[in-house]
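S.K.: sequence? don't have it. structure:
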């Protein structure tokens, strides 16, 4: 029985000795990780099982049923981001580990958030000349002072930080790298990604010679 909709599932092959999973995918508008009023089921979303793509897709209610899962073995079920229509939709939890058991249907929710994107350029100011500088390490720091994401600027100084979850952050050049290179920056960027996604452009950094 599919537990969410109370549907009887049938198969030409015996299923009694295997496990199953009911997976639900929804767009989490209020960011609480629970499907409630105002959240939208996501259709045609797919999954990975132990790193490989699975054929199952969610229906109009955002539900997919995975049957014939091997029993008493660790099984990693992940969300396949390539199967959703909008690349800004990202799962709050990328995957779960289950141990299927005969006759038991595990229920797993994948809550998606609308993420944002930040771009800009890193520059070096030396001898009164400002020019792009690449290979600088950027850090996105959340309100708990944890580094939520890192990346390096390209050779021309340009960077793009995709899939940033809603929230308030500080974007900075890595203090450890600045110290190691004997450089200093001219400040950080306070950035905010709204629940409906935000595109922030031209969040540039200027680096100067000499630590402060």
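M.R.: Here it is on my side, so go on. As the structure is a prediction and not an experimental result, all values here were calculated from the model. Numbers count the residues shown, from 1 in each chain.

S.K.: quick check: mean pLDDT of stretch 42-57?
M.R.: For stretch 42-57, the mean per-residue pLDDT is 96.

S.K.: now do stretch 168-185
M.R.: Averaged over stretch 168-185, pLDDT sits at 95.

S.K.: between the two ends of it, how far is it?
M.R.: 21 Å (Cα to Cα, to the nearest Å).

S.K.: what about residue 188, neighbour count?
M.R.: Applying other Cβ atoms under 10 Å, we find 15 residues neighbouring residue 188. C-beta here means a position set from N, CA and C on the backbone, and glycine is covered the same way.

S.K.: roughly how far does it sit from residue 175?
M.R.: Applying Cβ to Cβ, to the nearest Å, the value for residue 188 to residue 175 is 10 Å.

S.K.: residues in contact with residue 135?
M.R.: Applying Cβ atoms under 8 Å, 6 or more residues apart in numbering to residue 135 gives the contacts 152-153, 155.

S.K.: what subset of the residues you listed is buried?
M.R.: Buried by 16 or more other Cβ atoms under 10 Å: residue 153, out of those.

S.K.: quick one: contacts for residue 34?
M.R.: 28, 109, 111.

S.K.: so which of those comes closest to residue 199?
M.R.: Nearest to residue 199, judged by Cβ to Cβ, of these is residue 28 at 19.9 Å.
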